[in-house]
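**Student:** Could you look at this predicted model? Sequence included:
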Amino acid sequence: MYRLTTPIEAVKGIGPKLGAILHERKLDTVKDLLLFLPLRYEDRSQKKTISQLVPNELITVEAEVTSTSNFYKGRRSIQSASVKDATGKLKLMWFNNPHVLARLIRGTQIVISGKLNDRGTMIQPTTEIATADGDTIHTGRLVPIYSHITEFPPATLRRTLKHIIDNLDNLSDPIATQAAKHHLIPLQEALCALHFPDAEEQTIQARERLALEELLAVIHHSQQLKAEWNQLGNAVSFATVPEDIDGKDGFIQHFPFELTGAQLRCAREIFSDLRTTTPMNRLLIGDVGSGKTAVAGMACARVIADGSSAVLVAPTQILVEQHVQTLKKLFPNVPIQIVTAKTKKGELQFDQPSLFVGTHAVLNKLQEIQPALLIYDEQHRFGVMQRSMSQRLTQQPHVLTLSATPIPRTFMLTLFSHLSLSVIDEMPLGRKPVTTWLVPESKRASSYTWIADQLRANQAQAMVVCPFIDPSENEALENVASATERFEQIGKVFAQTNLRVTLLHGRIKKPEQQEITQRLYARDIDVLVTTPIVEVGIDLPAAAIIVIEAAERFGLASLHQLRGRVGRAGQEAFCLLFTSGGASKGNSDANKRLKQFCDIHDGLKLAEMDLQRRGAGNLFGTEQHGFDSLQFANWTNFDLVAKAKLISEEIASSPQAQNWAPFISISAAEKDEIPLAN
Ligand code: ADP
Ligand code: MG
C-alpha cells in the first residue's frame with residue numbers, strides 16, 4: 001500500500017532514472033504525483049461492436065487478435081493487426097510503432113479505442129489487454145491526458161497513477177464531515193476521480209474538493225502572515241506626509257493630467273499608513289491603465305523628500321523600464337536608480353535617498369538600501385507579495401503591492417486578511433472602450449489587410465498575443481497556434497508591406513529582449529508577436545490594435561487585461577479575438593462567451609462571469625487566471641470561497657485546530673524563495 005508520503009522511487013515501475021526526472025519537476029512523493037493534474041480528459045467511453053462502427057467517431061470495441069504483421073513501405077514501418085468480435089472483423093494500423101505489436105498476441109482479447117477511417121481501417125488506435133473485471137486505463141472510459149513529461153510516456157504515467165490509486169492506503173481526511181455538510185466529496189474519492197472519473201461531473205466534484213483544500217491553505221497562510229506581521233518591529237513614520245491631498249499638492253501640480261478621484265483617495269489611504277509606525281501592508285488594485293504607478297510614485301516621492309529610500313520591484317525588465325519612464329516624466333526631481341541582475345557593485349549609490357526600481361535582483365540589495373517603503377508591482381500575478389517579510393532589515397519597511405487583478409472586497413477579507421485594500425475603480429478621463437470583435441477564421445486574411453491599413457494610416461502599433469511560445473508537445477493543445485508559428489505566418493503576410501514584425505517572448509535572451517523593447521518604444525517595430533507573460537508588461541502608447549489568438553483559452557478577466565494594453569494614449573483602439581480550430585468547431589459555448597466579452601467592458605463583471613461557467617473544460621487546463629500558484633481554486637468561485645471561510649472558522653473553533661494542517665501546500669513561489677542577502 002502507498003501513503004501520500006511514499007517517495008516516488010518506491011512506486012512500482014519508477015526507478016532511479018525516472019525518479020531523478022520526476023524530482024526535477026518537484027514530483028517527490030506519491031502525493032505530488034496524485035496532484036499532477038490532467039490537462040483534460042478524452043472521452044473514449046462510448047462502446048460498440050464491430051458491426052456498429054461508423055467512420056470518424058471515437059469509440060471503444062473489445063475484440064480478439066487474429067493476426068498481426070509488420071512491414072515496410074519505403075522508410076516507414078507499418079504495423080497492422082486484424083481483430084474480430086462476434087459481429088465482424090476489423091483492421092488496425094500504426095506507423096513506425098513496432099512496440100505496439102508486442103502485446104497483440106494472437107488469441108488475446110483486447111480493448112481498442114480509436115476512429116475508423118473512411119476505408120474501414122482504424123488508424124493509430126489505443127489498445128490494452130482486456131481484464132477479467134473489465135477495468136481499463138487507456139480505453140473505454142474518460143481517459144486523463146497529462147502534460148508531457150520527458151521520458152515518461154503518457155501511457156506509463158497513466159498506468160502508474162492507476163496503480164497508485166488502486167493501492168492507496170486510506171487517507172486521513174480530518175474535515176470530511178464539514179466537507180460533506182457543504183456537499184463536497186471525500187478527499188480520497190476526489191483524488192481518484194481527478195484521474196479516473198466515471199463521468200465528467202465527477203471531475204468537477206473532485207476539483208471542487210481540492211480547490212477547497214487549496215483555499216483553506218491560502219486562508220491559513222494569510223492568518224499566519226497576519227500574526228507574523230503583527231510581531232514585526234516598527235516602520236519609519238513620516239510626519240511630513242500630509243493627511244490630506246488634493247490636485248494642487250506641490251508634488252503633483254505639474255502633472256500633465258488631473259488625478260482621478262479614485263487615485264487621490266488611494267493616495268490618501270497610503271499616506272495615512274505612512275504617517276504611522278505600524279508597517280503598512282496594503283494592496284493597491286486597479287485595472288490596467290488606471291494609474292497605479294502614479295499613485296505609487298507619489299508615495300515614493302514623499303518618502304524620499306523626507307530623507308528615506310524607496311524600492312519598486314517589477315516582475316520583468318520591460319516593466320522596470322516602463323515604470324522608470326513614467327516616473328521620470330511625473331517626478332523629474334526624484335533620483336531614480338535602476339537595479340537588474342546585471343547591475344554591478346559600485347554602480348549604485350546608497351548615500352543619497354533614492355528610488356530604486358528593479359527586477360527581483362533589487363531584493364538582494366535591500367540591506368544596503370534600507371528602504372522605508374517597498375513596492376511590488378505584480379501586474380496580475382500574485383507571486384511574491386510577502387517576500388519582504390523574510391528580509392532582516394534594521395527597520396521594517398512599509399509594503400505596498402500593486403495588482404491589476406479585480407478582486408471583490410469580501411474575498412480580500414477572507415483570502416488576504418493580512419492586507420489592507422485600496423481600489424482605483426475609475427479610469428482616467430477620456431479613455432474610450434476598446435472596440436472588440438470575435439473574428440471567424442475565414443476572415444483572418446482580410447483582417448490582416450485591415451490591420452496593415454490601419455497601422456499605416458494611423459502610425460499605430462499592433463500586438464499579437466499567443467498563449468504559448470512553441471508548437472505544443474501536448475496533444476491536448478495541438479490546435480493552438482504558438483507565438484513562433486504565428487510569427488512566421490504574419491511575417492510572410494506583412495512581407496509585402498513595409499511593416500516590421502518582431503517576436504518577443506520569455507525565452508529570448510535578456511539582452512535581446514531589452515533591445516527589442518527599446519525598438520518597440522522607439523517605434524521601430526510595427527507589429528509585436530508575443531505571449532501573455534511578456535505582453536502584460538508592455539505599455540506602448542501607440543498600440544491601437546491587439547490580436548488575441550486562441551482567445552477561448554483565457555479567462556474573460558485576463559482577456560480584459562490584455563485588451564487594456566491598447567488605446568492607452570486615448571486613441572481609438574481595437575481588439576480582435578481569434579479562436580483555435582478546436583474551439584470554433586465543437587465549442588459554441590466558448591464563442592458565446594467571447595461574443596459577450598465584445599460588449600462588456602467592466603473588469604469586475606467579467607471576473608464574475610468567469611466564475612459562472614462551470615464544467616470540466618473550463619475548470620481545468622491551460623486557461624490563464626489571476627493566481628499563477630493556485631492549481632485548483634479560482635478566486636472568482638464565490639460559493640467555494642464562502643464555504644472555505646465557514647469551514648476554516650469551524651476548524652479554528654474545533655478541538656482538531658492544533659493538529660490540522662492544509663492538505664495542499666500553496667506553492668513556494670507564493671511564499672518566499674528569495675535568498676537573503678549576506
Ligand atoms: P497602471 O500601472 O495602473 O496600469 P499606469 O500608472 O502605468 O497604469 O498609467 C498608465 C498611463 O496613464 C501612464 O502613461 C500614466 O502616466 C497615465 N495616467 C495615470 N494617471 C492618469 C490620469 N489621472 N489621467 C490621465 N493619464 C493618467
Ligand atoms: Mg502598471
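**Tutor:** That came through fine. Residues are numbered from 1 along each chain as shown. Ligands and ions are numbered 1, 2, ... in the order given.
**Student:** do stretch 296-305 and ligand 1 meet?
**Tutor:** No - figure legend: stretch 296-305 not in contact with ligand 1 (CB under 6 Å from any ligand atom); closest approach 7.7 Å. All C-beta atoms are positioned from the backbone trio N, CA, C, and that covers glycine.
**Student:** Assign Q496 to helix, strand or coil.
**Tutor:** Taking DSSP: H, G, I helix; E, B strand; the rest coil as the rule, one finds Q496 in the coil state.
**Student:** what does L92 give?
**Tutor:** Assigned state for L92: strand (three-state reduction, three-state DSSP).
**Student:** could you list every residue that touches it?
**Tutor:** Contacts of L92 were listed using CB atoms under 8 Å, 6 or more residues apart in numbering, and they are 80-83, 112, 114, 121-122, 125, 127.
**Student:** Return the distance of it relative to ligand 1.
**Tutor:** 56 Å (CB to the nearest ligand atom, to the nearest Å).
**Student:** residue ranges of the helices in the stretch 501-650 of the chain, please?
**Tutor:** Secondary structure of the stretch 501-650 of the chain by DSSP state H, counting those that start in this stretch: the helices cover 510-521, 532-535, 556-563, 581-586, 588-599, 603-612, 616-619, 638-652.
**Student:** Pull out the buried positions in the longest one.
**Tutor:** By 16 or more other CB atoms under 10 Å, the buried positions in helix 638-652 come out as 640-641, 643-645, 647-648, 651.
**Student:** Next: the first one.
**Tutor:** Neighbour-count burial for helix 510-521, counted by 16+ other CB under 10 Å, picks out 513-514, 516-517, 520-521.
**Student:** How about the fifth one?
**Tutor:** Residues of helix 588-599 classed as buried: 590-591, 593-594, 597 (neighbour count, 16+ other CB under 10 Å).
**Student:** quick check, nearest of those residues to ligand 1?
**Tutor:** Minimum distance to ligand 1 across these is 19.9 Å, recorded for F597 (CB to the nearest ligand atom).
**Student:** Which neighbouring residues are in contact with P279, exactly?
**Tutor:** Contacts of P279 by CB under 8 Å, 6+ apart are 229, 232, 234-235, 396-399.
**Student:** all strands of the stretch 251-400 of the chain, in order?
**Tutor:** Counting by DSSP state E, counting those that start in this stretch, the stretch 251-400 of the chain forms strands over residues 281-286, 310-313, 336-339, 355-358, 373-377, 398-403, given from the N-terminal end onward.
**Student:** Pull out the C-alpha coordinates of stretch 546-563 and format them as CSV.
**Tutor:** Coordinates of the C-alpha atoms in stretch 546-563 are reproduced here as CSV (Å, rounded to 0.1, in the frame of the first residue of the first chain):
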residue,chain,number,x,y,z
ILE,A,546,-4.4,43.8,-30.2
VAL,A,547,-5.0,40.4,-31.7
ILE,A,548,-5.6,37.6,-29.3
GLU,A,549,-5.1,34.1,-30.6
ALA,A,550,-6.8,31.0,-29.1
ALA,A,551,-8.9,33.5,-27.1
GLU,A,552,-11.0,30.7,-25.6
ARG,A,553,-8.1,29.6,-23.6
PHE,A,554,-8.1,32.8,-21.5
GLY,A,555,-10.5,33.8,-18.7
LEU,A,556,-12.5,36.9,-19.5
ALA,A,557,-10.7,38.8,-16.8
SER,A,558,-7.4,38.0,-18.4
LEU,A,559,-8.7,38.9,-21.9
HIS,A,560,-9.8,42.2,-20.4
GLN,A,561,-6.4,42.9,-19.0
LEU,A,562,-4.8,42.2,-22.4
ARG,A,563,-7.3,44.4,-24.1
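**Student:** L319: which of the contacts of P279 is nearest?
**Tutor:** The shortest approach to L319 among these belongs to V399, at 18.2 Å (CB to CB).
**Student:** Quick check: beta-bridge partners of the closest one?
**Tutor:** When bridges are taken as DSSP bridges, the partners of V399 come out as N281, L374.
**Student:** Surely it is in contact with L283?
**Tutor:** No - using CB atoms under 8 Å, V399 and L283 do not qualify as a contacting pair, with a distance of 9.5 Å.
**Student:** Just give me the neighbour total for the closest residue to ligand 1 within the stretch 301-450 of the chain.
**Tutor:** Proximity to ligand 1, evaluated over the stretch 301-450 of the chain using CB to the nearest ligand atom, is greatest for P428 at 3.2 Å. The local packing count at P428 equals 18, with neighbours defined by other CB atoms under 10 Å.
**Student:** re earlier: okay if I get the strands of the stretch 251-400 of the chain as JSON lines plus mean neighbour count?
**Tutor:** Conversion of the strands of the stretch 251-400 of the chain to JSON lines gives the following (neighbours: other CB atoms under 10 Å):
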{"stretch": "strand 281-286", "mean neighbour count": "23"}
{"stretch": "strand 310-313", "mean neighbour count": "28"}
{"stretch": "strand 336-339", "mean neighbour count": "20"}
{"stretch": "strand 355-358", "mean neighbour count": "26"}
{"stretch": "strand 373-377", "mean neighbour count": "27"}
{"stretch": "strand 398-403", "mean neighbour count": "24"}
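**Student:** Tell me which of these sits nearest to I59.
**Tutor:** strand 398-403 (47.7 Å).
**Student:** Which neighbouring elements make contact with that closest one?
**Tutor:** Helices and strands touching strand 398-403, as assessed by 3 or more CB pairs under 8 Å, 6 or more residues apart in numbering; DSSP states H and E, comprise helix 261-274, strand 281-286, helix 292-305, strand 373-377.
**Student:** Just put the buried residues of helix 510-521 in TSV and tack on pLDDT.
**Tutor:** Conversion of the buried residues of helix 510-521 to TSV gives the following (pLDDT from 0 to 100):
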residue	pLDDT
Q513	83
Q514	80
I516	90
T517	84
L520	89
Y521	86
